[in-house]
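Enquirer: Okay, sequence plus prediction incoming.
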Amino acid sequence: MEKWKEVFGGIIPKAVYQVQLINGEKQGLTIKLSSSQTCVMINFGMVQAVRMLDEGFRTNKSNF
């Protein structure tokens, strides 16, 4: 099991966000978080791999 550590806690305000993933060879990986009051763009640049897990999949206990 992986152990995660919060690095920059409190920088992104807590809210309900819409997520847009932008990924490609030229632009690299960018994650855009949008809420009614906040818009955050996180640019990771070029990455070798990305792991994503859909919250609906994770919270549905019948999948485990």
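Expert: That came through fine. Residues are numbered from 1 along each chain as shown.
Enquirer: Which secondary structure element is home to the residue nearest the centre of the chain?
Expert: Centroid-nearest residue in the chain, with C-alpha atoms, centre = their mean: residue 31, separated by 6.2 Å. Residue 31 belongs to strand 28-34 when assigned by DSSP states H and E.
Enquirer: Now that strand: buried residues?
Expert: The neighbour-count check on strand 28-34 (16 or more other C-beta atoms under 10 Å) flags 29, 31, 33 as buried. Bear in mind the C-beta positions are built from the backbone N, C-alpha and C, glycine included.
Enquirer: give me every residue that touches the second one.
Expert: Applying C-beta atoms under 8 Å, 6 or more residues apart in numbering to residue 31 gives the contacts 19, 20, 21, 22, 41, 42, 44.
Enquirer: which one among the residues you listed gets closest to residue 6?
Expert: residue 42 (14.9 Å; C-beta to C-beta).
Enquirer: so what's the closest one scoring on pLDDT?
Expert: What the model reports as pLDDT for residue 42 is 93.
Enquirer: helix or strand for it, which one?
Expert: Using DSSP H and E, residue 42 falls in strand 39-45.
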